[in-house]
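In: Here's a sequence, model it:
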Amino acid sequence: MLYPKDPKVRVVRHDKTLKIEWNWGGGGHIFLFVGVALLPFFWWTFGLPTINHDVRPLGEHIGLFFMATCLVSLPIILGALTMMLNKTMIHADHERFLVRVGPLRWKKSKLVPANDIQQFFVSGNSSGQATVSSLYLLDANSHTILIASYFPSGFASHQICHELQDWYGLDDLPVYGHNDLPHQPGPRAK
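Out: Sure, this is the predicted structure:
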């Protein structure tokens, strides 16, 4: 099938398996810089006693510094490292569908039997540069399962969806929601 392909998404097809993986990567360097740059700011603001004979003891200054570091800077640094190091790996065969994230465990792995898969679909912003779309799976009980977020581009999310639909030989199902617009098909909200 012809659809846009993102060069940051690696797709390997074999006779019995399909492997798709991509690095999260985007924006991690900026957050790492901000998180590390806040450390001297917090030390200067909270860690050092001021020249004008601050009455707080040194332990209180150091406590404020560590509290600010742990509540603000450390989560930013850990989030940046997660964005820079993590990748999502999809392993699909005719028996099962597995999604793993690593090496830092941001989310749990998802394992779905292949015969329970009805459809894959993308929801969210679908512009070429946006990374806010999410990939979902519709299972045999018509429940949606979030498969992945954090794509290199909006094209990547659609590329992965098409690759999976093609691999499992699935056709798009009609999806209707409630709406009040007369020119659109589907059931009306009451």
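In: For the rest of this, base every contact and every neighbour count on C-alpha atoms.
Out: Will do.
In: got the buried residues for the lowest-mean-pLDDT helix or strand in the chain?
Out: Across the helices and strands of the chain, mean pLDDT, DSSP states H and E gives its lowest value to helix 58-68, namely a mean of 80. Across helix 58-68, burial judged by 16 or more other CA atoms under 10 Å covers 61, 62, 64, 65, 66, 68.
In: what about the chain, any weak spots by pLDDT?
Out: 1-4, 25-26, 47-56, 106, 125-132, 173-190 (pLDDT under 70).
In: ranges for the helices of it?
Out: Assigned by DSSP state H, the helices in the chain fall at 28-42, 58-68, 74-85, 154-168.
In: closest to residue 123 out of these?
Out: helix 154-168 (9.2 Å; CA to CA).
In: hmm, back to that, and the helices of the chain, which is most packed in?
Out: Counting by mean count of other CA atoms under 10 Å, helix 154-168 has the highest mean neighbour count of the helices of the chain, with a mean of 20.
In: that older thread, just name the closest of the buried residues of helix 58-68 to residue 108, please.
Out: Among those, residue 68 lies closest to residue 108 (CA to CA), at 29.5 Å.
In: Chain neighbours aside, what residue packs nearest to that closest one?
Out: Once flanking residues are discounted, residue 68 sits nearest to residue 42: 6.8 Å by CA to CA, 6 or more residues apart in numbering.
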